[in-house]
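**Q** Predicted model follows, preceded by the sequence.
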Amino acid sequence: MYKKIYIKTWGCQMNKYDSNKIVSYLLSSSKKYHLVNSLLNSDIIILNTCSVRKKAEDKLFNYLNIIKKIKQIKNKLIVILCGCVATKEKEKLFNKFNIIDIICGTQNIKNIPLLIKKFIKNKKKILNIKFINKIKKNVNFINNKNNFIYNTFITIMEGCNKFCSYCIVPYTRGKQISRLPEDIISEINYLVSKGICEINLLGQNVNSYCSYLSNKKKCNFSYLLNLISEINGIKRIKFTSSHPINFTKDIFLCYKNISKIVDYLHLPVQSGSDRILNIMRRNYNIDYYKNIIYKLLDIRPNILFGSDFIVGFPSENKYDFKLTLNLIKEIKFDNSYVFIYSPREKTKAFYMKDDISILEKKKRLYKIQKLLNKNYIYWSKKMVNSIQKILVEGYTKRNNYYYGRCFNNKIVYFKNNENNLIGKIINIKIINNKKNLLYGIIL
């Protein structure tokens, strides 16, 4: 009884990473648990939620209505809701959706195995939400050789102290806390022993990382990057997501001196208008942001940039929006994300007049998406006939192509008659850009 686990995740990479940890906590707590891919076939449903935008919450609520029908048939089904919506709404969710049995906060997911046992024993709803200002202890979950991976995320910090006027993250993830550097290095060494060769450092504002070594020496983000770069077996280092205000001089030196850092940076800007950035409380202007971009281009001429954009922020006029379009054209952002502004309770912007129609917001969204897609095609076409080093990540059974990522984060597909290339870095010549997909041949 209560063996089959189904988990559904919404939101950012941190949520996906947390879901992996939840699975790891459960599997390490009991050999009886195993994952299933079907709602109908599950004994326990875990929903890991996102509240950054209203759209994500709406998807969750629709999903809960589906589960409600399933629970009418399977009345012993256990429903667990965790993540940012859980932390934001708390016990209100029990009133909105009586089918929920356990609500667990973002910093309490390690308790899920115990919460399940407690619920099975007492049959009483459980609320476990508490900010403990202590980063979640990692559990290594790379243990299945049949589904082996060669790149992975590692959380180095969590939470945020920035309080941008539109963002609910500080209220759902808590204050910024950083892992001890020795713990991070220890985990990476373990991952390398299992075959990992590419890591992606994860945090709400990853470059604001700050902790201390056991000898009491301060360890900031650049120092941590240097420590990681010295680990044998690590061939590539990525990180997401960065904040422009924390992009300090020592990080530029890392790009100059550490060849393992990839030629791609996701650096959210949100708007091209200084006026809107000020209202957003981003604490930088566009000249400051562009200075980061051009300094990195001086160091790494082949580096590509991705970003995040919000359209329809309160009081954003046509001129503000034009400035955002101009910035996208100038920098030629590659793989980026654009979102319609979504009012979030508790934030400063929630109390501002949302004075832009949804139709106008959608028009602006479409214009930016169209421009970003144009940029994506531009960079892909520019890579045709170039030679790239790619980390081979996997194989598509559907059309017999292998695929891997270039140093600039672009995915390339290629044919291969060998069976032992996954996890290796090889040279590929890009020969075609077809339907926004890059194709190459092995050199």
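**A** Alright, I've got the coordinates. Model, not experiment: these values are computed from the prediction.
**Q** Just checking the distance from the helix or strand residue 429 falls within to the centre of its chain.
**A** For residue 429, the host element (DSSP states H and E) is strand 425-434. Computed by CA atoms, centre = their mean, to the nearest Å, the separation of strand 425-434 from the middle of its chain amounts to 27 Å.
**Q** what's the answer for stretch 196-205, then?
**A** Centroid separation for stretch 196-205 versus its chain: 10 Å, with CA atoms, centre = their mean.
**Q** Same question for it: list its buried residues.
**A** Buried residues in stretch 196-205, counted by 16 or more other CB atoms under 10 Å: 196, 197, 198, 199, 200, 201, 202, 203, 204, 205. Heads up, the C-betas are built off the backbone N, CA and C, glycines and all.
**Q** Name the nearest residue to the last one, ignoring sequence neighbours.
**A** So the one you mean is residue 205. Leaving aside its sequence neighbours, residue 205 sits nearest to residue 243 (CB to CB, 6 or more residues apart in numbering; 4.3 Å).
**Q** cool, the second one as well?
**A** Nearest in space to residue 197, with sequence neighbours left out and distances taken as CB to CB, 6+ apart, is residue 235 at 4.5 Å.
**Q** Same question for the fourth one.
**A** Ranked by CB to CB, 6+ apart and with sequence neighbours excluded, the top spatial neighbour of residue 199 is residue 154, at 5.5 Å.
**Q** What about the nearest residue in space to residue 150 that is not next to it in sequence, how many residues nearby?
**A** Spatial nearest neighbour of residue 150, chain neighbours left out: residue 423 (4.0 Å); criterion: CB to CB, 6+ apart. Neighbour count of residue 423, defined by other CB atoms under 10 Å: 18.
**Q** Residue 423 belongs to a helix?
**A** No. Counting by DSSP: H, G, I helix; E, B strand; the rest coil, residue 423 falls outside a helix, being coil.
**Q** sec struct for residue 25, please.
**A** Relying on three-state DSSP, one would call residue 25 helix.
**Q** Contacts only, for it.
**A** 109, 110, 112, 113, 139 (CB atoms under 8 Å, 6 or more residues apart in numbering).
**Q** possible to save the residues you listed as CSV with secondary structure and neighbour count?
**A** Compiled in CSV, the contacts of residue 25 are given as follows (DSSP: H, G, I helix; E, B strand; the rest coil; neighbours: other CB atoms under 10 Å):
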residue, secondary structure, neighbour count
109, helix, 23
110, helix, 17
112, helix, 23
113, helix, 17
139, coil, 17
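**Q** quick one: which of those residues is nearest residue 350?
**A** Each of the contacts of residue 25 was scored against residue 350 by CB to CB, and residue 109 proved nearest at 27.0 Å.
**Q** Please, which helix or strand holds the residue nearest to the closest one when sequence neighbours are not counted?
**A** Closest residue to residue 109 apart from its sequence neighbours, by CB to CB, 6+ apart: residue 22 at 5.3 Å. Assigned by DSSP H and E, residue 22 belongs to helix 13-29.
**Q** Give me the sheet partners of the helix or strand following that helix and which way each runs.
**A** Following helix 13-29 in sequence order, the next helix or strand is strand 34-35 (DSSP H and E). Paired with strand 34-35 in the same sheet, following DSSP bridges, are strand 4-9 (parallel).
**Q** Report the buried residues of the strand it pairs with.
**A** For strand 4-9, a neighbour-count test (16+ other CB under 10 Å) marks 4, 5, 6, 7, 9 as buried.
**Q** so how many other residues sit close to residue 337?
**A** 15.
**Q** Now do the same for the nearest residue to it once chain neighbours are set aside: its pLDDT.
**A** In this structure, residue 337 finds its nearest non-sequential neighbour in residue 308, 5.1 Å apart by CB to CB, 6+ apart. Looking at residue 308, its pLDDT is 97.
**Q** how close does residue 308 get to residue 362?
**A** Taking CB to CB, to the nearest Å as the criterion, residue 308 is separated from residue 362 by 18 Å.
**Q** which of those two has more neighbours?
**A** Ranked by neighbour count (other CB under 10 Å), residue 308 and residue 362 place residue 308 first, with 16 against 13.
**Q** Render the CA-only coordinates of stretch 41-54 in CSV, please.
**A** Extracted as CSV, the C-alpha positions of stretch 41-54 are listed here (Å, rounded to 0.1, in the frame of the first residue of the first chain):
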residue,chain,number,x,y,z
ASN,A,41,-2.0,4.3,-11.3
SER,A,42,-0.6,6.2,-8.3
ASP,A,43,-1.1,5.9,-4.6
ILE,A,44,0.5,9.3,-3.7
ILE,A,45,0.4,12.4,-5.9
ILE,A,46,3.0,15.1,-5.3
LEU,A,47,2.5,18.5,-6.9
ASN,A,48,5.5,20.8,-6.8
THR,A,49,4.2,24.3,-7.6
CYS,A,50,5.1,27.7,-8.9
SER,A,51,3.6,31.0,-8.0
VAL,A,52,5.8,33.5,-9.9
ARG,A,53,3.0,34.1,-12.4
LYS,A,54,-0.8,33.7,-12.1
